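Asks: dropping the sequence and predicted coords here.
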Amino acid sequence: MRPFALTNGATIIGFFKGTPHPDTIDHMSFYLGGMRALREALETLKKNGVELEDPGDEIGPTSPGSPHLGLWFHDPDGYRWELSVRTVPTSANSAALRYVRAFTGLN
(Lines give C-alpha, C1' and ligand atoms only; values in the text may rest on other atoms or scores of the structure.)
Protein backbone atom coordinates (compact mmCIF):
# COMPACT_ATOMS: atom_id res chain seq x y z
CA MET A 1 0.00 0.00 0.00
CA ARG A 2 1.32 3.44 -0.87
CA PRO A 3 1.14 6.39 1.57
CA PHE A 4 -2.13 8.37 1.50
CA ALA A 5 -4.16 10.78 3.61
CA LEU A 6 -7.78 11.32 4.68
CA THR A 7 -9.08 14.78 5.55
CA ASN A 8 -12.27 16.48 6.68
CA GLY A 9 -10.94 19.94 5.84
CA ALA A 10 -9.86 20.59 9.43
CA THR A 11 -7.74 17.53 10.20
CA ILE A 12 -5.49 15.46 7.97
CA ILE A 13 -4.54 11.91 8.90
CA GLY A 14 -1.56 10.55 6.97
CA PHE A 15 -0.81 6.85 6.62
CA PHE A 16 2.80 5.81 6.07
CA LYS A 17 4.78 2.62 6.55
CA GLY A 18 6.84 2.61 9.77
CA THR A 19 7.70 0.56 12.83
CA PRO A 20 4.47 -0.93 14.23
CA HIS A 21 3.46 -0.72 17.86
CA PRO A 22 -0.28 -1.54 17.67
CA ASP A 23 -0.33 -3.16 21.12
CA THR A 24 -0.12 0.28 22.75
CA ILE A 25 -3.75 1.13 21.89
CA ASP A 26 -6.83 -0.89 20.88
CA HIS A 27 -7.91 1.49 18.13
CA MET A 28 -8.30 5.13 17.14
CA SER A 29 -11.81 6.40 16.46
CA PHE A 30 -12.99 9.52 14.69
CA TYR A 31 -16.52 10.80 14.16
CA LEU A 32 -17.21 12.15 10.68
CA GLY A 33 -19.78 14.78 9.75
CA GLY A 34 -22.29 12.42 8.17
CA MET A 35 -22.91 9.42 5.96
CA ARG A 36 -21.64 11.18 2.86
CA ALA A 37 -18.25 11.71 4.53
CA LEU A 38 -18.20 8.09 5.71
CA ARG A 39 -18.96 6.79 2.21
CA GLU A 40 -16.29 9.08 0.72
CA ALA A 41 -13.76 7.79 3.27
CA LEU A 42 -14.73 4.21 2.37
CA GLU A 43 -14.14 4.90 -1.33
CA THR A 44 -10.78 6.57 -0.59
CA LEU A 45 -9.69 3.60 1.51
CA LYS A 46 -10.75 1.13 -1.21
CA LYS A 47 -9.02 3.13 -3.96
CA ASN A 48 -5.80 3.00 -1.96
CA GLY A 49 -5.92 -0.74 -1.44
CA VAL A 50 -6.63 -0.62 2.29
CA GLU A 51 -7.89 -3.93 3.68
CA LEU A 52 -11.20 -3.21 5.41
CA GLU A 53 -12.84 -5.25 8.12
CA ASP A 54 -16.10 -6.97 7.08
CA PRO A 55 -15.44 -6.91 3.31
CA GLY A 56 -18.62 -6.40 1.30
CA ASP A 57 -20.47 -5.08 4.35
CA GLU A 58 -17.93 -2.49 5.53
CA ILE A 59 -20.30 0.06 7.10
CA GLY A 60 -22.17 -1.25 10.13
CA PRO A 61 -23.19 -0.54 13.74
CA THR A 62 -20.33 0.66 15.95
CA SER A 63 -21.39 -1.83 18.65
CA PRO A 64 -24.26 -4.32 19.12
CA GLY A 65 -27.54 -2.41 19.20
CA SER A 66 -25.93 0.95 18.48
CA PRO A 67 -27.69 3.31 16.06
CA HIS A 68 -24.31 4.78 15.09
CA LEU A 69 -22.54 3.49 11.99
CA GLY A 70 -18.87 3.05 11.22
CA LEU A 71 -16.15 1.18 9.39
CA TRP A 72 -12.85 -0.31 10.57
CA PHE A 73 -9.48 -0.94 8.98
CA HIS A 74 -5.83 -1.47 9.87
CA ASP A 75 -3.08 0.85 8.69
CA PRO A 76 0.24 -0.49 7.31
CA ASP A 77 1.67 -0.66 10.84
CA GLY A 78 -1.18 -2.76 12.19
CA TYR A 79 -3.06 -0.04 14.08
CA ARG A 80 -6.84 -0.41 14.03
CA TRP A 81 -8.87 2.65 12.99
CA GLU A 82 -12.59 3.39 13.24
CA LEU A 83 -14.41 6.07 11.26
CA SER A 84 -18.01 6.55 12.33
CA VAL A 85 -21.05 8.80 12.25
CA ARG A 86 -23.63 9.55 14.90
CA THR A 87 -27.05 8.77 13.52
CA VAL A 88 -30.48 9.77 14.77
CA PRO A 89 -31.17 7.84 17.98
CA THR A 90 -33.90 5.22 18.05
CA SER A 91 -36.58 5.33 20.74
CA ALA A 92 -34.96 2.27 22.35
CA ASN A 93 -31.78 4.17 23.19
CA SER A 94 -33.08 7.74 23.58
CA ALA A 95 -33.14 7.49 27.41
CA ALA A 96 -29.53 6.31 27.41
CA LEU A 97 -28.58 9.09 25.03
CA ARG A 98 -30.24 11.71 27.27
CA TYR A 99 -28.27 10.33 30.23
CA VAL A 100 -24.98 10.47 28.32
CA ARG A 101 -25.71 14.02 27.18
CA ALA A 102 -26.60 15.14 30.71
CA PHE A 103 -23.53 13.44 32.17
CA THR A 104 -21.06 14.69 29.56
CA GLY A 105 -22.64 18.00 28.56
CA LEU A 106 -22.62 16.91 24.88
CA ASN A 107 -25.43 17.86 22.54
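Replies: In hand now; what should we look at? Numbers count the residues shown, from 1 in each chain.
Asks: just give me the longest helix of this protein.
Replies: Scanning the chain for the helix with the most residues, using DSSP state H, yields helix 35-47.
Asks: in stretch 68-80, what counts as buried?
Replies: By 16 or more other C-beta atoms under 10 Å, the buried positions in stretch 68-80 come out as 69, 70, 71, 72, 73, 74, 75, 79. Bear in mind the C-beta positions are built from the backbone N, C-alpha and C, glycine included.
Asks: looking at those residues, which is nearest residue 42?
Replies: Proximity to residue 42 was ranked across the buried residues of stretch 68-80 by C-beta to C-beta; first place goes to residue 71, at 5.8 Å.
Asks: how near is residue 79 to residue 56?
Replies: As judged by C-beta to C-beta, to the nearest Å, residue 79 and residue 56 stand 23 Å apart.
Asks: all the helices of the chain, residue numbers only.
Replies: For the chain, applying DSSP H gives helices covering 35-47, 94-104.
Asks: pull out the buried residues from the longest one.
Replies: Right, the one you point to is helix 35-47. Of the residues in helix 35-47, those buried under the neighbour-count criterion (16+ other C-beta under 10 Å) are 37, 38, 41, 42, 45.
Asks: okay, those in a markdown table with distance to residue 85 and pLDDT next?
Replies: What follows is the buried residues of helix 35-47, written out as a markdown table (distance: C-beta to C-beta, whole Å; pLDDT from 0 to 100):
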| residue | distance to residue 85 | pLDDT |
| --- | --- | --- |
| 37 | 7 | 92 |
| 38 | 5 | 92 |
| 41 | 10 | 93 |
| 42 | 11 | 93 |
| 45 | 15 | 91 |
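Asks: tell me the pLDDT at the residue nearest the centre of the chain?
Replies: Most central in the chain under C-alpha atoms, centre = their mean is residue 83, positioned 1.2 Å from the mean C-alpha point. The predicted structure scores residue 83 at 93 on the pLDDT scale.
Asks: repeat that for residue 44.
Replies: For residue 44, pLDDT reads 92.
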